[in-house]
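K.L.:
the following block contains a protein sequence and its predicted model.
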Amino acid sequence: MNTDYADLAALTRRLADIPAEFLGEPSVAGHGEMAVAAIVGDVLRMHGLHASSEFLGAFQGRSAHTDRNRLALAAIASWLLADEALIGADLPHPALEDVVGALVAEMAAITPAHAFVHDAERREELVRALLARLGLRPLGETPAQAQDRLSAISAIQRRALLAASRQAEKRAREVREALARKLAAESADKWTRE
Amino acid sequence: MMNDLADRERFPTLTTEGQRMLDFLRRHPSAPVFRNASGNRLQAHEVEAQQAFEREIVDAPIDATPGIPPPWVYPLIARMHATVPHYRQRGSPPRAFNQVAPVSRADLSADIAQFVPDDVQLERMIQFRTTGTTGHPLLIPSHPVVAARYAAFHKRALRRLGIEAQHGAGQVGVVLLGFQERCFTYVSVTPTMGESGLAKLNLHPNDWRDPLDRARYLDALAPEIVAGDPLSFTEYLTLPLTHAPRALISVSMQLMPALRMQLEQRFGCPVLDIYSLGEVGPVGVFDAALDGHLLLQPQLYVEILDRDGRPVSPGTAGEITVTGGFNDCLPLLRYRTGDFASLRPSAHGPVLIGLCGRQPVRFRALAGWINNIDVTHALEPFPLSHFHLHQGADGNMSLQVAPNAMHYAVPARAALERLFGAGTVVVEVLHAADKTLQYTSSLEGSQA
């Protein structure tokens, strides 16, 4: 293939057909069976990159709260990167590390990982974002078109997620305020008090 | 009728009869100083819903087999990952129950708002504060309906003993006893039971014009049920009472068998020892025939996890971990309670065996390492309201008991010296007036 281009349709199809083992439960603090550090290490090796143990250490989950969704998306991104055409594209190693590291962390911070498999729009968003970070663009698109389409598909999602995030912060503040009210502290009848 | 707007919020369905009960409780010549105000806060439709809830709970089967999650946990996992901020951040719901990483008291304590579902209405939210004995004070979000639901589980526990709570209009149903320097005290009525009276009292003399008023007032109230903890019940035993309730309910702390026996003999009624947590309400009731605490909540899945958060093999002790519950403001998913026991099936439902309020402690004794349960057994003959036993780095033991229990010092020391050797035990006065850690050790290997 031309090293600047990738087949968007083929990659989104690959994402939709992801094997179940890449959608397993990431191993985090003793829970879950999917060893994401090993998966990431393997796929990078396919690209000729021997990642440092320090880099791969970031894929050993410590907290379900902060790591689980990121690791689930790292496994999904690894499946994409294991695509034969991408392996043959001689991709720059820093860009590969950036995809499984920074890009996955950014996208996982706002969207449940499995939405990038089950939702057609999110599939396209993940593939387009990944290609952009790798310096590739979809076949038949100019750089400007590729950028516009990625921005458009991301922007709607980001706006929605930003609103959701603001709403979540507002809600948490309201819960704390409700708990702090004098009448809340006055409580209500229970037959026993612990 | 009602004093002010706040009273209308406290008692939305109050009738003339209920007002009369409140007046009786507040204005009795022997009444204590009531430090606070509270109420049932139940609206008319909620009173009916609570009555239906009690009918449903009182004899609903608990068909959970230890180690096998009931089917209702799966929709709960999906719902919580969609509507509870903490779980939403974890991403997609796990497919298997065992893949859900547990949470602890420290997680709730860090920001309780992250555990309140998005669809919970906040206008009538209330809170209960729990301190525990191991730090991490918590504000528990709740609702008047949730608070009222406690009664359903107590009625379920009472019914096992053939007791149906009956007190209604013009009678006092429940008195809650505390015995602390400072205590939240108030009076109320229970609309699901004909507006029978409810009073939360502090037996500490500070709250009374005359200490003798405590017995006069309690006799005048003649409550059907008295709830308290080993500290307040120890004080209750000292009062010259003529009235005996139909049952006592003890929560919060371990009730030593000798104190239970004293209470049963003195009042001629059963004493229910309930294992209850602010986070989840009444979990189990002690049943001597089953040698443990029989679970009480049909919609609470209880499992036992090891230190790494994995389920232990059946019958093995570990941390009590709960899922579900009746508090809609704080549904729980694999919440590690910080309490320890093993779980055994029985014909009546799962039973917690060897309940221990925190990580078990091993002591080095004459026969080698022994578990703190062996020490509890050695101290069973003594009606101690609370105590603290510590093993120093030199292996010597220090038993601290409340001042009013120092007359048990000689036999208690003898009982412990049978385990630890002559001359190794001292008995001292315990000055802490509230919950204390029962067992501690400075010896390496004590937490194994």
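P.N.:
Arrived safely. Residues are numbered from 1 along each chain as shown, chains lettered A, B, ... in the order given.
K.L.:
please parse chain B into its domains.
P.N.:
The record's domain parsing of chain B by automatic domain parsing lists B:5-59+B:164-269, B:73-145+B:276-356, B:362-441.
K.L.:
which one of those domains lies nearest to chain A?
P.N.:
domain B:73-145+B:276-356 (3.1 Å; Cβ to the nearest Cβ). (C-beta placed from N, C-alpha, C; glycine too.)
K.L.:
okay, how far is it across that closest one, tip to tip?
P.N.:
26 Å (Cα to Cα, to the nearest Å).
K.L.:
please name the nearest non-neighbouring residue to B:Asp63.
P.N.:
Of all residues not flanking B:Asp63 in the chain, B:Pro70 sits nearest, at 7.2 Å (Cβ to Cβ, 6 or more residues apart in numbering or on different chains).
K.L.:
SS state for the one you found?
P.N.:
Each residue gets one of three states, and B:Pro70 gets coil by DSSP: H, G, I helix; E, B strand; the rest coil.
K.L.:
JSON lines for the domains of chain B, including mean neighbour count, distance to A:Ala82 and mean pLDDT?
P.N.:
Listed next are the domains of chain B as JSON lines, based on neighbours: other Cβ atoms under 10 Å in any protein chain shown; distance: least, Cβ to Cβ, whole Å; pLDDT from 0 to 100:
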{"stretch": "domain B:5-59+B:164-269", "mean neighbour count": "19", "distance to A:Ala82": "53", "mean pLDDT": "94"}
{"stretch": "domain B:73-145+B:276-356", "mean neighbour count": "19", "distance to A:Ala82": "21", "mean pLDDT": "92"}
{"stretch": "domain B:362-441", "mean neighbour count": "17", "distance to A:Ala82": "50", "mean pLDDT": "88"}
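K.L.:
export those to TSV and tack on distance to chain A?
P.N.:
Shown next, in TSV, are the domains of chain B (distance: least, Cβ to the nearest Cβ, whole Å):
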stretch	distance to chain A
domain B:5-59+B:164-269	5
domain B:73-145+B:276-356	3
domain B:362-441	10
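K.L.:
now the longest helix anywhere in chain A: buried residues?
P.N.:
The longest helix of chain A (DSSP state H) is helix A:143-180. For helix A:143-180, a neighbour-count test (16 or more other Cβ atoms under 10 Å in any protein chain shown) marks A:146, A:149-150, A:153-154, A:157, A:168, A:171-172, A:175, A:178-179 as buried.
K.L.:
so which elements touch the helix or strand just after that helix?
P.N.:
Once the chain leaves helix A:143-180, the next helix or strand it forms, by DSSP states H and E, is helix A:182-186. Judged by 3 or more Cβ pairs under 8 Å, 6 or more residues apart in numbering or on different chains; DSSP states H and E, helix A:182-186 is in contact with helix B:5-10, strand B:126-130.
K.L.:
and the next helix or strand after the longest one, how far out from the chain's middle?
P.N.:
Going back to what we said before, that points to helix B:5-10. On the C-terminal side of helix B:5-10, the closest following helix or strand by DSSP H and E is helix B:16-27. How far helix B:16-27 lies from its chain's middle: 28 Å, per Cα atoms, centre = their mean, to the nearest Å.
K.L.:
counting contacts, what elements does helix B:16-27 pack onto?
P.N.:
Under the contact rule (3+ Cβ pairs under 8 Å, 6+ apart), helix B:16-27 is packed against strand B:186-190, strand B:196-202.
K.L.:
now do that helix against strand B:196-202, angle only.
P.N.:
Inter-element angle recorded for helix B:16-27 and strand B:196-202: 20 degrees (by axes from the mean of the first three to the mean of the last three Cα atoms, to 10 degrees).
K.L.:
may I see the buried residues of stretch A:110-122?
P.N.:
Buried, per 16+ other Cβ under 10 Å, within stretch A:110-122: A:111-117, A:122.
K.L.:
looking at those residues, which are in helices?
P.N.:
Counting by DSSP H, those place A:115-117, A:122 in helices.
K.L.:
relative to chain B, which of the residues you listed is nearest.
P.N.:
Closest approach between these and chain B, by Cβ to the nearest Cβ: A:Ala115, at 7.6 Å.
K.L.:
now the closest residue to A:Val175 other than its chain neighbours: how far from B:Cys269?
P.N.:
Using Cβ to Cβ, 6+ apart and skipping residues adjacent in sequence, the residue nearest A:Val175 is B:Ala113, 3.9 Å away. Counting by Cβ to Cβ, to the nearest Å, the separation of B:Ala113 from B:Cys269 is 42 Å.
K.L.:
low-confidence ranges in chain A?
P.N.:
In the predicted model, chain A carries pLDDT under 70 at residues A:1-3.
K.L.:
show me where it has its strands.
P.N.:
Taking DSSP state E, the strands of chain A run over residues A:5-6, A:137-138.
K.L.:
related to what we said a few turns ago, and the residue nearest to A:Val175, what does it touch?
P.N.:
A:171-173, A:175-176, A:179, B:85 (Cβ atoms under 8 Å, 6 or more residues apart in numbering or on different chains).
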